[in-house]
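A.B. asks: The following comprises the amino acid sequence and a computationally predicted model.
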2 protein chains.
Amino acid sequence: MIHGGDVISYSDKYEGEIIDFSSNINPLGPPDSLKDAISAAYTELECYPDIKYRELKANVAAYLGCDQDQVILGNGAMEIINNVCLLFKRIVVFTPCFIEYIKRPKVLGKSVLKLPLAEGFSIDLEKLENSLQPRDLLILGNPNNPTGLRIPEPVLKAVYDLVISRGAFLLLDEAFFEFCPADYDSISLFKIQSNVCIVRAATKFFALPGLRLGYGFASTGFARKYTEIEMPWSVNAFANAAGRCIFKDKAYIERTKKYIDKERKYMLKSLSQVNWVKTFNSHANFILLKLLKYDEDIVFDKFIKQGFMIRKASTFDGLDKSYIRVAVKDHQSNQKLINLFQE
Amino acid sequence: MIHGGDVISYSDKYEGEIIDFSSNINPLGPPDSLKDAISAAYTELECYPDIKYRELKANVAAYLGCDQDQVILGNGAMEIINNVCLLFKRIVVFTPCFIEYIKRPKVLGKSVLKLPLAEGFSIDLEKLENSLQPRDLLILGNPNNPTGLRIPEPVLKAVYDLVISRGAFLLLDEAFFEFCPADYDSISLFKIQSNVCIVRAATKFFALPGLRLGYGFASTGFARKYTEIEMPWSVNAFANAAGRCIFKDKAYIERTKKYIDKERKYMLKSLSQVNWVKTFNSHANFILLKLLKYDEDIVFDKFIKQGFMIRKASTFDGLDKSYIRVAVKDHQSNQKLINLFQE
């Protein structure tokens, strides 16, 4: 199990419906406006999507606050990460991180340099300075998965300066961006810069993992390069149509932000009072826990038998069986999970 | 323009709706049964698709007549071709062929050996024998695009024998399989063999290019390898749902086969009477033409001004500006196109 969300594989462990705390999706579900857009898009199925995705790129650009020719797209954020990796020989990551930062490059025949995060899961600038080489691709989760931490703005600026001075390239994976406190917006920060690409997705925040819509920002020159190597028509007609409504639903976006902020605080506070786990701070809609008793297998089995699926974390490079990750879900589910932790 | 279907880019050339003869989609449109399946799948958007696609694989296996663990999937046939290329160092193709057989490997950093098709666009077994090396991936379109020709069964068997004796691997791209006369089924032929993979798709025959559902057959061992390197969740929730109905719609499948057979015959016959083109035989739902007067640009411009988009063929390796390709569409559109050819 290298990814969360595989409830089906455990459906025999519990009679009722398993509550999935292993994947990190907006508990409010997709925006209401989406349903009509999907119905309307049905007739578009029998045509190829616009190979240049002009309308979708315009919608994404308006949402991200960048130019249309700075928008890159993919079949989920994953495909964008995959495609960007294609353009580099060596990938540098800080562990623990999203497993695909390591797996995709390897599948693509690229070498991967893994640097450990420093104390408190922070970026070790000195290690980076000693390691980063020209034409390296540095991938950073912002917030990082599974740690849930945003990169502080001054650190990100220092990282970027180093990337530029080395002639390397920075890929920020911001698939969880909108869940985080509004500290800074990396796209505003890097809008007129080069050697940087910022990936976001409809998957997590708009609760649409089945839709497969990833999008991102890159400088015009890099976006052009990306377009040359991407697979044609990889964004499906429904994902294309979703771009017409989801980004405009400001009420939904605000409601989610507030909801997650409140629930994250509730869970962080409640979990910190559980004496058999150490709770790490998080800016995202998931929380990393260190198990002070038991290991991940015991906890996973205990919880699944009660109808809760948590995420074992030992598959993340740099973590062992004493870590698990839980999502921030709807209040009722969160309460139930907390109760279970307290038992 | 390396692909057909980009009508939007030419919408200023004609006032009405352009009839697209440049992409090769079933003119009858998607099966009626699909609409309900898509509506029903709406609620699945907020969950990750089953990462193992158990139900979809079972549906595909029943349709293809193979085992569930022999099924491979992708975001369109294109992604399957891309993923299979990842597992080899050198790709061998016969030109002219679908452009992505050459482009994807290059993007992936693989070398490509291009062999020219022999007289009548047939496979040159001698050339293949002189060139094929261990661990090569040979990609053949069956029927081939843009020529529209199926590989005769004895030739395919000879090719496969050579592939096996060399320790190479054969990828058959059968994205247009169902449009062709029922001569033989390569999946029955190779069902218990190894070193072969057969790709098909919902895109063309089920008229669903916007859905992005590619699927294929491979030996169990190769299918396992494929699963290890593919991107997680690349098939979206709607494509997943389509698998529940489209393959069972036998009436639709039969209706389309008959329709295309009749229209192909009509077009082949009519076009062969046009004195300024040479018409090549086709088993598929598209026809390659050699222009005996004018070049592709002149013909394209003439036709687009009348509201018809044809496919220039010089972007296919091995063809020059004296070739174009046209789709087999609904009878009324076909008639109009033929009239234009006769003018």
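C.D. replies: Alright, I've got the coordinates.
A.B. asks: Any regions of the stretch 51-200 of chain A where pLDDT drops low?
C.D. replies: Along the stretch 51-200 of chain A, no part satisfies pLDDT under 70.
A.B. asks: Up against chain B, what does it have?
C.D. replies: A:51-52, A:54, A:75-76, A:78-79, A:82, A:86, A:100, A:104, A:107-109 (Cβ under 8 Å from any Cβ of the partner chain). All C-beta atoms are positioned from the backbone trio N, CA, C, and that covers glycine.
A.B. asks: Could you work out the most separated pair of those residues?
C.D. replies: A:Arg54 and A:Gly109 (33.2 Å; Cβ to Cβ).
A.B. asks: coming back round to it: what's the closest of the residues of the stretch 51-200 of chain A next to chain B to B:Ser282?
C.D. replies: Proximity of these to B:Ser282 (Cβ to Cβ) peaks at A:Ile51, which lies at 24.3 Å.
A.B. asks: Spit out the contact partners of the closest one.
C.D. replies: Contacts for A:Ile51 (Cβ atoms under 8 Å, 6 or more residues apart in numbering or on different chains) come out as A:232-233, B:3, B:5-6.
A.B. asks: and if you look at A:Leu115?
C.D. replies: Per Cβ under 8 Å, 6+ apart, neighbours of A:Leu115: A:92-95, A:124, A:127-128, A:131.
A.B. asks: Secondary structure element holding it?
C.D. replies: strand A:111-116 (DSSP states H and E).
A.B. asks: Same question for A:Leu268.
C.D. replies: helix A:250-272.
A.B. asks: so how far is that helix off the chain centroid?
C.D. replies: A distance of 17 Å separates the C-alpha centroid of helix A:250-272 from that of its chain, computed with Cα atoms, centre = their mean, to the nearest Å.
A.B. asks: Check which residues of it are buried.
C.D. replies: A:252-253, A:256-257, A:259-261, A:263-264, A:267-268, A:270-271 (16 or more other Cβ atoms under 10 Å in any protein chain shown).
A.B. asks: Same question for stretch A:38-57.
C.D. replies: Those would be A:38, A:41-42, A:44-51, A:53, A:55-57, for stretch A:38-57 by 16+ other Cβ under 10 Å.
A.B. asks: thinking again about what came up before, and the next element down the chain from the strand holding A:Leu115?
C.D. replies: Remark: after strand A:111-116, the chain's next helix or strand is helix A:125-131, criterion DSSP H and E.
A.B. asks: what residues does that following helix touch?
C.D. replies: Under the contact criterion Cβ under 8 Å, 6+ apart, helix A:125-131 has outside partners A:92, A:113, A:115-116, A:118, A:138, A:155, A:158-159, A:162.
A.B. asks: got the CA coordinates for that helix in CSV?
C.D. replies: Taking Å, rounded to 0.1, in the frame of the first residue of the first chain, the C-alpha atoms of helix A:125-131 are listed here in CSV:
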residue,chain,number,x,y,z
LEU,A,125,19.4,24.6,3.2
GLU,A,126,23.0,23.6,3.9
LYS,A,127,22.4,20.1,2.6
LEU,A,128,20.7,21.5,-0.4
GLU,A,129,23.6,23.9,-1.0
ASN,A,130,26.1,21.1,-0.8
SER,A,131,24.1,18.9,-3.2
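A.B. asks: Those residues of the stretch 201-343 of chain A touching chain B, which are they?
C.D. replies: A:207-212, A:229, A:231-234, A:236-240.
A.B. asks: Can I get the buried ones among the residues of the stretch 51-200 of chain A next to chain B as something I can paste into PyMOL?
C.D. replies: Buried subset of these, written as a PyMOL selection, criterion 16+ other Cβ under 10 Å:
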select buried, chain A and resi 51+75+76+78+79+82+86+100+104+107+108
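A.B. asks: Save the residues of the stretch 51-200 of chain A next to chain B as JSON lines, and put in secondary structure too.
C.D. replies: Output for these, formatted as JSON lines (DSSP: H, G, I helix; E, B strand; the rest coil):
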{"residue": "A:Ile51", "secondary structure": "coil"}
{"residue": "A:Lys52", "secondary structure": "coil"}
{"residue": "A:Arg54", "secondary structure": "helix"}
{"residue": "A:Asn75", "secondary structure": "coil"}
{"residue": "A:Gly76", "secondary structure": "coil"}
{"residue": "A:Met78", "secondary structure": "helix"}
{"residue": "A:Glu79", "secondary structure": "helix"}
{"residue": "A:Asn82", "secondary structure": "helix"}
{"residue": "A:Leu86", "secondary structure": "helix"}
{"residue": "A:Glu100", "secondary structure": "helix"}
{"residue": "A:Arg104", "secondary structure": "helix"}
{"residue": "A:Val107", "secondary structure": "helix"}
{"residue": "A:Leu108", "secondary structure": "coil"}
{"residue": "A:Gly109", "secondary structure": "coil"}
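A.B. asks: So which of the residues of the stretch 51-200 of chain A next to chain B is the closest to B:Trp276?
C.D. replies: So of these, ranked by how close each gets to B:Trp276 (Cβ to Cβ), first place is A:Ile51, at 30.1 Å.
A.B. asks: From chain B, how far out is A:Lys258?
C.D. replies: When distance is defined by Cβ to the nearest Cβ, to the nearest Å, A:Lys258 is 19 Å away from chain B.
A.B. asks: make that A:Asn334, sorry
C.D. replies: 17 Å.
A.B. asks: In this model A:Leu268 seems to touch that residue, though I could be wrong.
C.D. replies: No: with contact defined as Cβ atoms under 8 Å, A:Asn334 does not count as touching A:Leu268 (10.9 Å).
A.B. asks: Identify the contacts common to those two.
C.D. replies: In contact with both A:Asn334 and A:Leu268: no residue, using Cβ under 8 Å, 6+ apart.
A.B. asks: so where do the helices sit in the stretch 151-300 of chain A?
C.D. replies: Along the stretch 151-300 of chain A, the segments classed as helices by DSSP state H, counting those that start in this stretch run A:153-166, A:186-190, A:202-205, A:220-229, A:237-242, A:250-272, A:296-305.
A.B. asks: Quick one: neighbours of the closest residue to A:Cys85 other than its chain neighbours, just the number.
C.D. replies: Leaving aside its sequence neighbours, A:Cys85 sits nearest to A:Pro105 (Cβ to Cβ, 6 or more residues apart in numbering or on different chains; 4.9 Å). A:Pro105 has 26 neighbours, counted by other Cβ atoms under 10 Å in any protein chain shown.
A.B. asks: Confirm that A:Arg325 sits in a helix.
C.D. replies: No: the assignment for A:Arg325 (three-state DSSP) gives strand, which keeps it out of a helix.
A.B. asks: before we move on, the earlier item: tell me the one of the contacts of A:Leu115 nearest chain B?
C.D. replies: Chain B has its nearest neighbour among these in A:Val93, at 17.5 Å by Cβ to the nearest Cβ.
A.B. asks: surely A:Val155 meets A:Ala118?
C.D. replies: No: here A:Val155 does not reach A:Ala118: they are 10.7 Å apart, not a contact under Cβ under 8 Å.
A.B. asks: Name all residues that make contact with the nearest residue to A:Tyr252 once chain neighbours are set aside.
C.D. replies: Using Cβ to Cβ, 6+ apart and skipping residues adjacent in sequence, the residue nearest A:Tyr252 is A:Pro31, 4.3 Å away. By Cβ under 8 Å, 6+ apart, the residues touching A:Pro31 are A:206, A:245-246, A:249, A:252.
A.B. asks: likewise A:Lys302?
C.D. replies: Counted by Cβ under 8 Å, 6+ apart, A:Lys302 has contacts A:Tyr294.
A.B. asks: same deal with A:Tyr14?
C.D. replies: Contacts of A:Tyr14 (Cβ under 8 Å, 6+ apart): A:304-307.
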